[in-house]
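S.K.: predicted model and sequence below, questions to follow.
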Amino acid sequence: MKKKLLFVINTLGRAGAEMAMLELMRRLPQEEYEISLYVILGQGELVRELPGHVKVLNRRYRDTSVLSEHGRSHIQKTVVRCFFHNGKWFRKLFHLVLIACDMAKRRNLQFDKLFWRILSDGGEYPKEEYDLAIAYLEGGATYFTADHVKAKKKAAFVHIDYGNAGYSRKTDLDCYAAYDRIFAVSEEVRDNFLHVYPEWEGKMGVFHNIINRERILALAARRGGFSDSFDGLRLLTVGRLTRQKAYDIAVEVMKRIKEAGYRARWYVLGEGDQREALEKQIKSLGLERDFKLLGAVDNPYPYYKECDIYVHATRFEGKSIAIQEAQILGCPIVASDCNGNREQIEDGVDGVLCGFSTEGISKSIILLMEDEGKRKRLGEAAAGKQLENEQEMQMLLDLL
C-alpha cells in the first residue's frame, strides 16, 4: 500500500519555500506515496504548477497571488472567516492578544505573523491519519500540523533566521514538542533556531532546498526577459516587496549609482505590501526610469540570464532560492553579508558580500560594474557550484 503523506504550507505564492516544496513533491515517486496538501490561507498562484497526483484538501481555494491587492483583500476575509469557524473564540482572541503583546515587547510587530493562530485554529481539520505530516513553513503551517493533524510521524521545516523573522517561544506555544524531526534549510538557520530552542538539538537536521538545475536552464532558454531597449548595465533583484528584502535601501543605492554617472538600471521582479511606499520613494528621488518594479512574473529565468549583476542585499535570510537560481544561471552576485547569504556565497570567489548600508552596497556594485573580467569570473564560478544534495531526501523518508 502507498504511504500517505500530508504537506502543510501557509500559502502557494510564488516564493522560494513554496517552489522548493513543489520540487520535493515532484521527486517523490507517485507509485509509492499518496500525497495531499493543505494550504493554510487557501490561496496562491503556484497551485497551477502542482504535480497532477497531489490532492489539495482545501474546500475553498483561490489561485490569486497573496501579494496582489485583490489577494490581500481576500486574506482579510479568510482571517475573519477563520476566527468564527470551529468556535474557540476566546482561545483565538487570547492568542491574538498574547502574540501582539509579545511582539510589541520585542518591538517587532509583524502583522503577517499576528494571525497565524487564528488561521490555524479556524482551518479545515483533516479527518484521516497520515503516515507522515510535513509542516513546510514556520508559523501557521507548523501550528496547524502540531495541533490539528493526526499522523504517525511529524516533521517541521524552518526556512528563516528564526528570531529576526519575528517568531518566539510565546508565539509558538511549544508547538515543536509535537514533531519527531525538525529540518533547517541551512547550517545558519539551524544555529539560529537552536538559539531559541536549544532543547531540540537532538531533533534537528539540515535539509537543503532541492533545486532542479535542468528545469531552470530550460526555462531560461525560453522567450522572455527584458523588453526595453536599455543599453547600459542591468541590475536585477528577484523577491517579494517586503521589509526583509530591503528595497528601500536599494532605491537609495540606485540614486548613488546614478549620481556617480554610471549608465545602469535596476529591475525588481516581485510583489508585496511595500509597493506603494517604494513607488513614492522612487518618484521622490526622480528614479522612475532607473529603478523598475516589474511585478511578479511566471518565468523569471530569462531575466537572470540577461542581467549583468544580480543583487541580493537583504536585511536577513534563511537560504535564498533566488541566489541559488542566480548561481545556476551564472550571474555575478552582490549580496549583503548577513545570515543565510554568507553561507551561500564565498566572498570574492563566486560572488561579493558587502556591508548592509547604502555606502557598502553601492561601493560593491560599482566596483563590479567597472570590472567586466571579474563579473565573468564570478559568474563562471557561481555556475560551477554544486547546489543539490540528494541524500537529504532519504532523511525525510527515513521517518517512514
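M.R.: Arrived safely, thanks for sending. Residues are numbered from 1 along each chain as shown.
S.K.: and the helices in the stretch 301-400 of the chain?
M.R.: Taking DSSP state H, counting those that start in this stretch as the criterion, the stretch 301-400 of the chain contains helices spanning 301-306, 321-328, 341-344, 358-369, 372-383, 391-397.
S.K.: ok, the residue found closest to F83 once you drop the neighbours it is linked to in the chain - how many residues close by?
M.R.: Leaving aside its sequence neighbours, F83 sits nearest to I118 (Cβ to Cβ, 6 or more residues apart in numbering; 5.3 Å). From N, CA and C alone the C-beta is placed, and that goes for glycine too. Counted with other Cβ atoms under 10 Å, the neighbours of I118 add up to 26.
S.K.: ok, I118 - contacts?
M.R.: For I118, the contact set (Cβ atoms under 8 Å, 6 or more residues apart in numbering) comprises V79, C82, F83, K92, H95, L96.
S.K.: closest one of these to R14?
M.R.: Taking Cβ to Cβ as the measure, V79 is the one of the contacts of I118 closest to R14, at 21.5 Å.
S.K.: residues near the closest residue to that closest one other than its chain neighbours, how many?
M.R.: Spatial nearest neighbour of V79, chain neighbours left out: F115 (5.0 Å); criterion: Cβ to Cβ, 6+ apart. F115 has 24 neighbouring residues, counting by other Cβ under 10 Å.
S.K.: could you do A383 as well?
M.R.: A383, neighbours per other Cβ under 10 Å, totals 16.
S.K.: and it, how close does it get to A326?
M.R.: A383 is 10 Å from A326, where distance means Cβ to Cβ, to the nearest Å.
S.K.: circling back to that earlier point, closest one to G239 among the helices of the stretch 301-400 of the chain?
M.R.: Between these, helix 321-328 lies closest to G239; by Cβ to Cβ that is 5.6 Å.
S.K.: tell me which of the helices of the stretch 301-400 of the chain sits most buried.
M.R.: Highest mean neighbour count among the helices of the stretch 301-400 of the chain (mean count of other Cβ atoms under 10 Å): helix 321-328, with a mean of 25.
S.K.: now do it: distance to the chain's middle.
M.R.: 13 Å (Cα atoms, centre = their mean, to the nearest Å).
S.K.: equivalent analysis for stretch 350-366, please.
M.R.: So, by Cα atoms, centre = their mean, the centroid of stretch 350-366 is 22 Å from its chain's centroid.
S.K.: need the CA coordinates for that stretch. PDB is fine.
M.R.: Listed next in PDB are the C-alpha coordinates belonging to stretch 350-366 (Å, rounded to 0.1, in the frame of the first residue of the first chain):
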ATOM      1  CA  ASP A 350      31.700  33.100  -6.500                       C
ATOM      2  CA  GLY A 351      30.200  36.400  -5.500                       C
ATOM      3  CA  VAL A 352      30.600  39.600  -3.500                       C
ATOM      4  CA  LEU A 353      29.500  40.000   0.100                       C
ATOM      5  CA  CYS A 354      29.000  43.600   1.200                       C
ATOM      6  CA  GLY A 355      28.100  45.600   4.300                       C
ATOM      7  CA  PHE A 356      24.400  46.300   4.800                       C
ATOM      8  CA  SER A 357      24.500  50.000   4.200                       C
ATOM      9  CA  THR A 358      23.800  52.400   1.300                       C
ATOM     10  CA  GLU A 359      27.600  53.000   1.100                       C
ATOM     11  CA  GLY A 360      28.600  49.400   1.400                       C
ATOM     12  CA  ILE A 361      26.200  48.100  -1.200                       C
ATOM     13  CA  SER A 362      26.800  50.900  -3.800                       C
ATOM     14  CA  LYS A 363      30.500  50.600  -3.500                       C
ATOM     15  CA  SER A 364      30.400  46.800  -4.100                       C
ATOM     16  CA  ILE A 365      28.100  47.200  -7.100                       C
ATOM     17  CA  ILE A 366      30.200  50.000  -8.600                       C
END
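S.K.: would you mark the buried spots in the helix or strand of the chain with the lowest mean pLDDT?
M.R.: Sorting the helices and strands of the chain by mean pLDDT, DSSP states H and E puts helix 111-114 at the bottom, at a mean of 74. Across helix 111-114, burial judged by 16 or more other Cβ atoms under 10 Å covers K113, L114.
S.K.: cool, thanks, talk later.
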